[in-house]
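S.K.: Here is a sequence with its predicted model. Questions after.
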Amino acid sequence: MGEIIHVLDEILEHVVQISVIMLELFGVCILVATALKSFWMWIRNDRDNIRLILAQGIALGLEFKMGGEVLRTVIVREWSELGILGAIILLRGVLTFLIHWEIKNEKKELETANQKKLES
């Protein structure tokens, strides 16, 4: 019975490690794609909502990376590792919160600018 549990534990560890790598890869791909799209918009002088698009892409990429960190807690073996992961999750959570706050403010500014354009 102990051998079966050991094998299942190994399988779980490998599945979690692969899943963490995939989630982090998705996050990086989203960040790079958003940065390239925003850079292209900047080159074309289409700068109306470039900050909003970039902030939304960064927030989405960070959420994927944070999901990978949360999943990584499944295979943590020591308290020191858990503390480090907790700090990383907290930092990414604060960054995500600040970016969402920036997105909300940017949307308000865009709406105000659009209303002023319509009025004049």
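M.R.: The structure has been received and is ready for your questions. Numbers count the residues shown, from 1 in each chain.
S.K.: Spatially central, which residue of the chain would that be?
M.R.: Closest to where the C-alpha atoms of the chain average out (Cα atoms, centre = their mean) is Leu62, at 1.4 Å.
S.K.: Please name the nearest non-neighbouring residue to that residue.
M.R.: Closest residue in space to Leu62, ignoring its immediate chain neighbours: Thr96 at 5.0 Å, by Cβ to Cβ, 6 or more residues apart in numbering. In short, each C-beta sits where N, CA and C put it, glycine included.
S.K.: How about the contacts made by the one you found?
M.R.: Contacts for Thr96 were tallied using Cβ atoms under 8 Å, 6 or more residues apart in numbering; they are 59, 62-63, 66.
S.K.: swap in Leu36?
M.R.: Not one residue lies near Leu36 by Cβ under 8 Å, 6+ apart.
S.K.: distance of it from Ile89?
M.R.: In this view, Leu36 and Ile89 are 28 Å apart by Cβ to Cβ, to the nearest Å.
S.K.: can you check Leu118 too?
M.R.: The value you get for Leu118 to Ile89, if Cβ to Cβ is used, is 43 Å.
S.K.: So which of the two has more stuff around it?
M.R.: Taking other Cβ atoms under 10 Å, Leu118 and Ile89 do not tie; Ile89 has more neighbours (17 against 7).
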